[in-house]
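In: Got a predicted model here, sequence first, then my questions.
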Amino acid sequence: MTTYNTAIDVVRQLKAKHGNRWNTISAENVGRVAVQNRFKTGLDIAKYTASIMRKDMAEYDDNPLKYTQSLGCWHGFIAQQKMIAIKKHHGSTNKRYLYLSGWMVAALRSEFGPLPDQSMHEKTAVPKLIEEIYSFLKQADAIELNDLFRRLDAGEDVQGEIDNFETHVVPIIADIDAGFGNEEATYLLAKKMIEAGACALQIENQVSDAKQCGHQDGKVTVPHEDFIAKLNALRYAFLELGVEEGVIVARTDSEGAGLTQKLPVSKKKGDLASKYIDFIEAEEVTAEEVNDNDVLIKRNGRLVRPKRLPNGLYKFKADSNIDRVVLDCIVSLQNGADLLWIETPTPHVGQIAHMMNRVKRVVPDAKLVYNNSPSFNWTLNFRQQAYDSMLQNGQDVSAYDRAALMDVKYDNTVLAETADEMIRTFQAEASKKAGVFHHLITLPTYHTTALQMNNLVEGYFGDKAMLAYVANVQRQEIRKGVACVKHQRMAGSDLGDDHKTFFAGSNALKAGGEKNTSNQFNSQDTADKREPVLAG
């Protein structure tokens, strides 16, 4: 790993070798730019962040309260601001990751325009977004370190902060959907994603050309043999590129999936293919009842006809979904997956624990990545859970209508307060009781962008006009010390000025002079950091 002093030593040796031709190159300035760009390639990032995830997974095994978290980001700038805010508010990026959602790539990053989450977007959009995110995180490193070097030049003792600087670069769990094709296509895309910096790839067991969002109907799963081939493709990609600690997250959509596209070939009774076929809904038939070209199965000594839809898809037995989830998880862990992802219909600790405890009986160190999805109505779900708990405990719930608990009239009730506390502690409880190693919200920045634009538009195009922006955006940025209030600095203007000085000396044409209007925000360092009162 290049440090400030080692970079200086290397350049001094090179200068001695090249003589007067390198006189205008400053070893100290090279040291600065070297530490400001710690990661030279995406593979450097993938190896570094994979080791972080492995360490965190081991710590979770020792203490399930040491879980990890992330938020989904659909642009590099959003990811950058998230990590800057994490360092500011929490002092460290430890156990905080980023999530790259295929849903948001489809909805916000496709050249086709907004698309549903059905693997219709360009597969190249995913590695491009990974690369973009890490470009912004590396720039955050460079900007913060540049400020420290400016303070060092001004005589402040900040060398310790430079030497112990914590990078904004953190692990990304990246969604490869169902692999965008066959196992070779999955392998090729995985390599691009890893080369861009991804240390963890999440893949689901749906049919790649009929993929649906995990929280919608119409999901079609594949036999285990097909999914294992794609798990192998991911591992080969990691190993080929030297990311030996790369992490594979195996997602099962079987909880909500009722269909499969094909029947695997069973070679002996009780093998994996046989277990999969046993889940297929079928009716017993006689030879006289069989039609030409019917598909038949021998099951427990009897001839049965699988239930097929007009499109040729096979139906699973009703109420077989949980058994299928458990088998999916065990098979994935036994065939190279490191973490699991189970899509569930509601965020319920007991329901998640029920499935994970069955998995843990076979694979004791099984760990889950859980989607704290905005597709759930969290308020309604947890108010109903609170209602059910109160009813079970003999408390009076006659004042509540269970079907209408989202109503604002319940907002300040005991039930609502109980539900909110259950939401607040959900992640800790799920990690302690249900094996959840990583909690993520897939689409938070999709929703926050829409909400903030709604709020700004309401006032700006109304009677508040410019006050809507000043009071609710800029003044809050200043009061809360949001770095982006000085947007020129955030875009790299100060960093560029210093680089131009390295390159051109006193001839450099710099942007940061007296007439730079960003200087108006310099007093924000002494601003009142108390929570502001929102206007309107």
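Out: Received the coordinates, thanks.
In: what about the chain, any weak spots by pLDDT?
Out: Residue ranges of the chain with pLDDT under 70: 1-2, 209-218, 508-521, 523-536.
In: for it, which helix is longest?
Out: helix 125-153 (DSSP state H).
In: Return the set of buried residues in whichever helix or strand comes after that helix.
Out: Following helix 125-153 in sequence order, the next helix or strand is helix 159-163 (DSSP states H and E). Within helix 159-163, the residues scored as buried using 16 or more other CB atoms under 10 Å are Ile162. Bear in mind the C-beta positions are built from the backbone N, C-alpha and C, glycine included.
In: in what helix or strand does the residue positioned nearest the centre of the chain lie?
Out: With distances taken as CA atoms, centre = their mean, Tyr99 lies nearest the centre of the chain, 1.4 Å away. Using DSSP H and E, Tyr99 falls within strand 96-100.
In: following that strand, which helix or strand comes up?
Out: Sequence-wise, the next helix or strand beyond strand 96-100 is helix 102-108, with elements assigned using DSSP H and E.
In: Quick one: list the elements packing against that following helix.
Out: Counting contacts by 3 or more CB pairs under 8 Å, 6 or more residues apart in numbering; DSSP states H and E, helix 102-108 packs against helix 125-153, strand 172-175, helix 444-460.
In: got the phi/psi numbers for the residue lying closest to Glu283 once chain neighbours are set aside?
Out: With CB to CB, 6 or more residues apart in numbering as the criterion, Glu283 has its nearest non-adjacent residue at 5.6 Å, and that residue is Arg305. The phi/psi pair for Arg305 (degrees, to the nearest 10) reads phi -110, psi 120.
In: Now do Arg305: how many residues are near it, please.
Out: If you count neighbours by other CB atoms under 10 Å, Arg305 ends up with 17.
In: Assess the claim that it and Ala287 are in contact.
Out: No. Using CB atoms under 8 Å, Arg305 makes no contact with Ala287, being 11.5 Å away.
In: on that earlier part again, other SSEs contacting the strand holding Tyr99?
Out: Against strand 96-100 (3+ CB pairs under 8 Å, 6+ apart) you get strand 68-72, helix 76-90, helix 125-153, strand 172-175, strand 436-441.
In: With distance to Gln206 and mean neighbour count added, can I get the ones you listed in CSV?
Out: As requested, the helices and strands packed on strand 96-100 are arranged in CSV below (distance: least, CB to CB, whole Å; neighbours: other CB atoms under 10 Å):
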stretch, distance to Gln206, mean neighbour count
strand 68-72, 19, 22
helix 76-90, 27, 18
helix 125-153, 16, 20
strand 172-175, 12, 27
strand 436-441, 19, 24
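In: would you turn these into TSV with distance to Tyr460?
Out: TSV is the format used below for those (distance: least, CB to CB, whole Å):
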stretch	distance to Tyr460
strand 68-72	27
helix 76-90	21
helix 125-153	27
strand 172-175	34
strand 436-441	28
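In: burial measure for the residue nearest to Tyr410 when sequence neighbours are not counted, as a count.
Out: Excluding the flanking residues, the one nearest Tyr410 by CB to CB, 6+ apart is Ala416, at 5.3 Å. Per other CB under 10 Å, the neighbour tally for Ala416 reads 19.
In: ditto for Asn291
Out: 7.
In: Backbone dihedrals for it, please?
Out: phi -90, psi 160.
In: circling back to that earlier point, could you quantify the relative orientation of the longest helix of the chain and helix 76-90 as an angle?
Out: Following axes from the mean of the first three to the mean of the last three CA atoms, to 10 degrees, one obtains 50 degrees for the angle between helix 125-153 and helix 76-90.
In: Check the offset of helix 125-153 from the chain's centre.
Out: Put simply, helix 125-153 sits 19 Å off its chain's centre (CA atoms, centre = their mean, to the nearest Å).
In: repeat for stretch 187-207
Out: Stretch 187-207 sits 13 Å away from the centroid of its parent chain (CA atoms, centre = their mean).
In: Just the C-alphas of that stretch, formatted as PDB.
Out: Presented in PDB, the C-alpha positions along stretch 187-207 are these (Å, rounded to 0.1, in the frame of the first residue of the first chain):
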ATOM      1  CA  TYR A 187     -19.500 -15.300 -16.000                       C
ATOM      2  CA  LEU A 188     -18.600 -12.600 -18.500                       C
ATOM      3  CA  LEU A 189     -20.800 -10.000 -16.800                       C
ATOM      4  CA  ALA A 190     -19.500 -11.000 -13.400                       C
ATOM      5  CA  LYS A 191     -15.900 -10.300 -14.500                       C
ATOM      6  CA  LYS A 192     -16.900  -6.800 -15.700                       C
ATOM      7  CA  MET A 193     -18.600  -6.100 -12.400                       C
ATOM      8  CA  ILE A 194     -15.600  -7.400 -10.400                       C
ATOM      9  CA  GLU A 195     -13.100  -5.400 -12.500                       C
ATOM     10  CA  ALA A 196     -15.200  -2.300 -11.800                       C
ATOM     11  CA  GLY A 197     -14.800  -2.900  -8.100                       C
ATOM     12  CA  ALA A 198     -17.600  -5.200  -6.900                       C
ATOM     13  CA  CYS A 199     -16.500  -7.600  -4.100                       C
ATOM     14  CA  ALA A 200     -20.000  -9.100  -3.600                       C
ATOM     15  CA  LEU A 201     -22.400 -10.300  -6.200                       C
ATOM     16  CA  GLN A 202     -26.000 -11.100  -5.600                       C
ATOM     17  CA  ILE A 203     -27.700 -13.500  -7.900                       C
ATOM     18  CA  GLU A 204     -31.300 -14.900  -7.900                       C
ATOM     19  CA  ASN A 205     -32.800 -18.200  -8.900                       C
ATOM     20  CA  GLN A 206     -35.300 -17.000 -11.400                       C
ATOM     21  CA  VAL A 207     -35.300 -17.700 -15.100                       C
END
